[in-house]
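K.L.:
My questions concern the predicted model and sequence given below.
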Amino acid sequence: MSFFANKQNLVSDILRRYPTDRKRSAVMPLLREVQNAEGYVSDERIAEIAGIIESTATEVMSVMSFYSTYSSIPTGKYHLQVCMTLSCALAGSDQLWDYLQDKLEISQGEVTSDGLFSLQRVECLGSCGTAPLMQISDAGYAECLTKKRTDALLEELKRRGDGSIPANDTPTPVFVKHIDGRVVQVTSDGQIAGGNA
Amino acid sequence: MTAILENTAPEKPKSITSGLDPRFKPRLYEHVGVPNSWTLEYALKNGAYEGAKKALAGTPEQVQDEAKKSGLRGRGGAGFPTGVKWSFMPKEDSKPHYLVCNADESEPGTYKDRYLMEHDPHQLIEGMLVGMHAIRANVGYIYIRGEYILAAERLERAILDARAAGLLGDNAMGFGKSMQVFVHRGAGAYICGEETALMNSLEGLRANPRLKPPFPAQAGIFGMPTTVNNVVSIASGALIMRHGSDWFASMGTEKSKGNFLFHISGPVKRPGVYELPLGTTYREIIYTWGGGPTEVIKAFNPGGSSTPMLPFTDEILDMQADYENCAAKGTFLGTGGIILIPKNCDIVNMMYNYVRFYAHESCGKCTPCREGIGTWMVRLMQKLISGRGDPNDVKILEDLFGNIKGKAFCLLADSCIMPVQSAYNLFKEEFEYIAQNGKPMYSGYANRWNVE
Ligand SMILES: Cc1cc2nc3c(=O)[nH]c(=O)nc-3n(C[C@H](O)[C@H](O)[C@H](O)COP(=O)(O)O)c2cc1C
Ligand code: SF4
Ligand code: FES
């Protein structure tokens, strides 16, 4: 069954972003659509994408294998991608990883028997101020993961079970506010940083 | 005090080099954290697109000059003057030009672009209009790392709204020119932040870096003249058009002008992004704004993992953070992402974490990086931290530094060697200790996870 056949609006919206003779640029957005909908990209889908961008399956596969986001094997409904880079490691990501492995009884690249969870170690997610954290599928981040918050998160994901995630409850670390006509910087705990404002 | 001030001849007001200076106002992050700040309605109420209007009413050269006068330097890490970069683009040709916003933000320790895009996407789109006009481009791409889901959604939404309001589109802002902005999402590869690899990625190829020359201004994406700028460089362009180059140049030191997004991670009381003038001391950034370290610190990377470490000494803390001072100490201002390195953690373990990162992100194109880092550095560091090292390994490590640095196709390999070598130079005794004794000098790396 074709994936894109009934999504022609989406396909043309993607192709429209690039020069007409440069359809190949659409390979990444097309791969993402499939990966998000199906949790991985099968050979069949690769061939379909090759057809849209007027290239070959080998070429699509070569691009796909370059990037760590695309998976050629099925992932869980909740694909948990834990950042292991230094700022997260300094906040305990190694222990978080071990804990997830024990609790879910899977390791890197495996899927739980109910198909709900899979695990992957990833590198810096660009959110080092809210370490440790993980990305959940293509749905969003779960940040400042203490053990307690991790337990609560896993329970909530199990309860939902539909691929959706709870709203991100981590305040942006540091924001800027106007107080008494002055612009001051405020920290995530609501305090005015810099003291004497 | 007043008397003295009255008696002195009027001179240029002193440059702003502290966030505590009452004249300093955060602008890049002015709206970050405010409810609904990402909506067009909010943005228009707060002066968005006024800078773009001024820019589009003038010539590209006028915009370039304003950027040059402001002293703005690239915020992606290298610090090249933005106005000068824009002036490299051809003036009279019939080819399409492209502006590419580098929002790949994957340098460990760096997280400044994300919140700006999530909370103030219109500031970036306004900057795209300014930059596109400066380089005579009708199309701009924002290449955003795939993991930034919310930021990409907010940008897509903002582009649709701006298009519907006539700010983008065939007759953008009524100036009779077509201006289009598109989002292109990456898929988890640090090397895509390197501008030529990014261009390959945008063309739907494997993201291997390209040989320079030709430089992007001659032949970039689709073989056409292209400029690549960081998110904050582009957003700063909008602010400079809005508030003037004098405003921008009133902050900072002699050659490092403007407001800058410093941010801190690691064991610090208030990790976060702090918008401060360049020339703010590291002490003010880390203690006054960041609330100070939560444990004893021995060193820090000043601007992302790739920047060589500085020792955590009074001399360094009292240094004004700018491009020149960092260079004088053998490092870089970089992205402004400060990573604090705790004393009770073994430096070899921490540097193995970096090496593993760069090894994973090596694109595999050239041997010094693929084999030197991907195989040799990884194996040697693994050998050391697993307690199987011997004193000779330290010599081998030194050899590896020399054989890799400056010998690879792109800067990724040097970006790995530089911080590791800086750590080695600062904490050689820790490397020797683990090589000799099979165990680390400090053992605090293992138990760091918070329960509550
Ligand atoms: C390995 C590597 C990764 C890079 N990653 C980024 C990045 O994520 N974001 C960025 O703006 N620049 C990055 N750069 C720098 C870019 O190549 C380029 O210099 C920069 O985007 C230019 O923008 P600017 O002049 O506004 O600083 C990276 C460079 C290298 C060598
Ligand atoms: S230095 Fe590394 S990332 Fe750069 S081209 Fe060589 S292998 Fe690729
Ligand atoms: S190190 Fe984990 S988000 Fe940067």
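P.N.:
Perfect, I can see it now. Numbers count the residues shown, from 1 in each chain, chains lettered A, B, ... in the order given. Ligands and ions are numbered 1, 2, ... in the order given.
K.L.:
Now residue A:120: closest residue in space that isn't a chain neighbour?
P.N.:
residue A:81 (4.7 Å; CB to CB, 6 or more residues apart in numbering or on different chains). Just so you know, the C-beta spots here come from the backbone N, C-alpha and C atoms, and that holds for glycine as well.
K.L.:
Would you agree that neighbour falls within a helix?
P.N.:
No - using DSSP: H, G, I helix; E, B strand; the rest coil, the assignment for residue A:81 is strand, not a helix.
K.L.:
need the contact list for it.
P.N.:
A:120-122, A:125, A:134-136 (CB atoms under 8 Å, 6 or more residues apart in numbering or on different chains).
K.L.:
Bridged to it, which residues?
P.N.:
In this structure, residue A:81 bridges to residue A:120, residue A:135 when assessed by DSSP bridges.
K.L.:
Quick check: residue B:132 vs residue B:168, distance?
P.N.:
10 Å (CB to CB, to the nearest Å).
K.L.:
Please say which of the two ends up with more neighbours.
P.N.:
Taking other CB atoms under 10 Å in any protein chain shown, residue B:132 and residue B:168 do not tie; residue B:132 has more neighbours (29 against 25).
K.L.:
Test my guess that the more buried one contacts residue B:138.
P.N.:
Yes - the pair residue B:132 / residue B:138 is scored as a contact, 7.1 Å apart, by CB atoms under 8 Å.
K.L.:
okay, and the common contacts of the two?
P.N.:
Applying CB under 8 Å, 6+ apart, one finds that residue B:132 and residue B:138 are jointly contacted by residue B:179.
K.L.:
Quick one: name whatever helix or strand follows the lowest-mean-pLDDT helix or strand in chain B.
P.N.:
Averaged element by element with mean pLDDT, DSSP states H and E, chain B has its least confident helix or strand at helix B:2-7 (a mean of 50). The first helix or strand that comes after helix B:2-7 along the chain, using DSSP states H and E, is helix B:40-45.
K.L.:
Rounded mean pLDDT for that next one, please.
P.N.:
Helix B:40-45 shows a mean pLDDT of 98.
K.L.:
Now do the buried residues in it.
P.N.:
B:40, B:42-43 (16 or more other CB atoms under 10 Å in any protein chain shown).
K.L.:
which stretches of chain A aren't confidently modelled?
P.N.:
Within chain A, the segments meeting pLDDT under 70 span A:194-197.
K.L.:
at 50 instead, please
P.N.:
A:197 (pLDDT under 50).
K.L.:
contacting residues for residue 19?
P.N.:
All of this refers to chain A. Residue A:19 neighbours (CB under 8 Å, 6+ apart): B:96, B:222.
K.L.:
My question was about chain B, not that one.
P.N.:
Contacts of residue B:19 (CB under 8 Å, 6+ apart): A:185, A:194, B:274-277, B:280, B:284, B:288-289.
K.L.:
near ligand 2, which residues of the stretch 151-300 of chain B?
P.N.:
Residues of the stretch 151-300 of chain B that fall close to ligand 2, judged by CB under 6 Å from any ligand atom: B:191, B:209.
K.L.:
ranges for the helices of the stretch 151-300 of chain B?
P.N.:
Remark: helices assigned in the stretch 151-300 of chain B by DSSP state H, counting those that start in this stretch are B:195-202, B:231-243, B:245-249, B:282-283.
K.L.:
Good, we can wrap up now.
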